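Student: Kindly return the folded structure for what I paste below:
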Amino acid sequence: GNTPVGQVAQDIVYRQIQLMKSLPREAADRGMDIQQRAMQAVITGERPDELYEMIMASGDVAASRAQLIARTEIGRATGALTQARALSVGSEGYWWRIEGAGTRDSHRKMKDKFVRWDNPPTLDGMTGHAGCLPNCKCWPEVQIPAPRK
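Tutor: Residues are numbered from 1 along each chain as shown. As a prediction, this is how the structure comes out:
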């Protein structure tokens, strides 16, 4: 501990701990950047390809992974905006709609089921609404309540 070597070793361990603590925060910050960018892309009507290019430019990401992230984040952003709009008109939920070919069994089983906004399903160990799960091409058909008289 008190020897010069001990002190240097402690400093190295301390720096490694600092690095380890900062890694998740950096990853979280990057995730927030991507999510904010995805939300902006949905609002402005951009395609997932443009978000994919941004993710690829950030480096250290395989093309297939960048595509998955772009598709998933655009889906999440679209889902969040759809849900917010639906809630603003008093919607309690939606009917789960599926894309067709290539739909996962767990998602196919959700076809035409009514899902409440306050109770997203858990499929394959992941909880989320239609279109908000990784690589999900399903979508919510929003239930719009009858106008109040």
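Student: can you list the domains in this protein?
Tutor: Per automatic domain parsing, the domain ranges recorded for the chain read 1-88, 90-149.
Student: In terms of mean pLDDT, which of those domains ranks lowest?
Tutor: Note on those: lowest mean pLDDT is at domain 1-88, with a mean of 71.
Student: circling back: export the domains of the chain to CSV and tack on mean neighbour count?
Tutor: The C-beta positions use only the backbone N, C-alpha and C, and glycine is treated the same way. CSV is the format used below for the domains of the chain (neighbours: other Cβ atoms under 10 Å):
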stretch, mean neighbour count
domain 1-88, 14
domain 90-149, 15
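Student: Confirm for me that residue 61 is in contact with residue 53.
Tutor: No: at 11.4 Å, residue 61 does not count as touching residue 53 under the criterion of Cβ atoms under 8 Å.
Student: all helices of the protein, in order?
Tutor: Under the criterion DSSP state H, the chain contains helices at 4-44, 48-57, 63-88, 105-108.
Student: Fine by me, thanks again.
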